[in-house]
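Peer 1: the sequence and its predicted three-dimensional model are supplied below.
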Amino acid sequence: MGEESTVARILGFRLADYNPQCAGMTEFVSPLWLQWPDTTEVCVLDTKVHGYHGEMRASAKLRGKGQKKVFICDQCAADEFVIKAQFDYHDACDDLLEDEPDIDIVDYFTGIIIIGTCAGCSAINEVLQMDL
């Protein structure tokens, strides 16, 4: 039996708009939303509150603001993707788990990679990659 996937549009902020050295790059920065086919949206990453530094109220990463933009496939310009995310954790999470067992360390990730497989041409697009 095959795995069923749902497509979504990715909304956020272009890294190139915040860092001139990244001109021409398609990657986004947080906050990042998914917009489902019925047009409902859900914020899936906001470095102000998500991740290790967000949990510590010390986010120092670039963070977009203003009008959200739609992520576009760099191969065919389609705007719907199947999204996958990888969360990375460092040894500090092991220490936190040992020292503070009541804290849910799942929220203390220190790196994230989000990729989107284009629903139009199947190209894999890197949406966001950052250390937190």
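Peer 2: It's in.
Peer 1: so who does Glu27 touch?
Peer 2: If you count contacts by Cβ atoms under 8 Å, 6 or more residues apart in numbering, Glu27 has them with 14-15, 126-129. All C-beta atoms are positioned from the backbone trio N, CA, C, and that covers glycine.
Peer 1: grab the nearest non-local neighbour of it.
Peer 2: For Glu27, ignoring the flanking residues on the chain, the nearest one in space by Cβ to Cβ, 6 or more residues apart in numbering is Leu15 at 4.7 Å.
Peer 1: now do the helices in the protein.
Peer 2: Counting by DSSP state H, one finds helices in the chain at the ranges 51-55, 91-99.
Peer 1: would you list the buried entries among the contacts of Glu27?
Peer 2: 14-15, 127-128 (16 or more other Cβ atoms under 10 Å).
Peer 1: now, the residues you listed that are in strands?
Peer 2: Residues of these located in strands (DSSP state E): 14, 127-128.
Peer 1: the strands in the protein, which residues?
Peer 2: Under DSSP E, the chain gives strands at 9-14, 28-35, 41-45, 69-70, 81-88, 111-118, 124-131.
Peer 1: direction included, what does the third one pair up with?
Peer 2: Partner strands for strand 41-45, per DSSP bridges, with pairing direction: strand 28-35 (antiparallel).
Peer 1: tell me the mean pLDDT over the partner strand?
Peer 2: On average, the pLDDT along strand 28-35 is 96.
Peer 1: then stretch 100-107?
Peer 2: 76.
Peer 1: offset the numbering so it begins at 23, please.
Peer 2: I'll keep to 23 as the first residue from here, and by that count the last item is stretch 122-129.
Peer 1: which residues touch that stretch?
Peer 2: So stretch 122-129 is contacted by 72-73, 77, 111, 115, 118-119 (Cβ under 8 Å, 6+ apart).
Peer 1: buried sites along that stretch?
Peer 2: For stretch 122-129, by 16+ other Cβ under 10 Å, it's Ile127.
Peer 1: which parts of stretch 108-125 are buried?
Peer 2: So for stretch 108-125, counting by 16+ other Cβ under 10 Å, buried means 109, 111, 115, 118.
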